[in-house]
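J.: Here is my input; please provide its structure:
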Amino acid sequence: MLFYCEFTWFPGTTREAVARRTVEQHDADRNHPERIRGWYNLVGGGSGFLIVDYDDPRELTAFLQPYMDLMSFDVRAITENAYAETISGMRDVAGT
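T.: Presented below is the predicted three-dimensional model:
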């Protein structure tokens with residue numbers, strides 16, 4: 001299942017602190033890059049989002065928890081839409 005994980009650094013969180021934690025988690029094999037489908041930072045810094053693939057939400061929570069003293073997360077399950085199929089389904093719903 002895909003999850004959208006929006007993050008925002010807490011006030012006072014530094015780039016160095018985030019970098020240090022990320023590298024620590026990576027070196028401990030806890031970031032699971034094979035599960036990260038996309039990692040995006042917003043222009044200006046201090047926020048962004050991840051698209052991750054987890055079957056068990058508890059595993060996703062375990063992945064995010066080591067960062068929760070540095071940033072907040074808004075996590076939502078997402079589904080991917082194939083454009084042509086979605087439009088076809090919408091035509092059915094709209095009756096057109």
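J.: Going by C-alpha atoms from here, please, whenever you check contacts or count neighbours.
T.: Fine.
J.: Name whatever forms a beta bridge with A77.
T.: With DSSP bridges as the criterion, A77 is bridged to F3.
J.: For this structure, which segments are assigned as helices?
T.: 15-27, 57-64, 83-94 (DSSP state H).
J.: Tabulate those helices in TSV, adding columns for mean neighbour count and distance to W9.
T.: Formatted as TSV, the helices of the chain follow (neighbours: other Cα atoms under 10 Å; distance: least, Cα to Cα, whole Å):
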stretch	mean neighbour count	distance to W9
helix 15-27	13	9
helix 57-64	13	13
helix 83-94	10	33
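J.: Which one, of those helices, ends up nearest to P33?
T.: helix 15-27 (8.5 Å; Cα to Cα).
J.: Contacts for that closest one, please.
T.: If you take Cα atoms under 8 Å, 6 or more residues apart in numbering as the criterion, helix 15-27 is touched by 31-32, 67, 70.
J.: cool, stretch 74-89 as well?
T.: Counting by Cα under 8 Å, 6+ apart, 1-7 sit against stretch 74-89.
J.: switch to 6 Å and redo it
T.: 2-6 (Cα atoms under 6 Å, 6 or more residues apart in numbering).
J.: quick revisit: any chance of the helices of the chain in a markdown table, plus mean pLDDT?
T.: Formatted as a markdown table, the helices of the chain follow (pLDDT from 0 to 100):
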| stretch | mean pLDDT |
| --- | --- |
| helix 15-27 | 98 |
| helix 57-64 | 97 |
| helix 83-94 | 96 |
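J.: Quick one: closest of those to V43.
T.: Across those, closest to V43 is helix 15-27 (Cα to Cα), at 14.0 Å.
J.: and which of the contacts of stretch 74-89 is nearest D92?
T.: L2 (26.2 Å).
J.: Run through the residues that contact the closest residue to that closest one other than its chain neighbours.
T.: Excluding its sequence neighbours, the residue lying closest to L2 (Cα to Cα, 6 or more residues apart in numbering) is D53, at 4.6 Å. Residues in contact with D53 (Cα under 6 Å, 6+ apart) are 1-2, 35.
J.: Now do D53 against W39, distance only.
T.: Separation of D53 from W39 (Cα to Cα, to the nearest Å) stands at 12 Å.
J.: I'm done for today, thanks for sticking with me.
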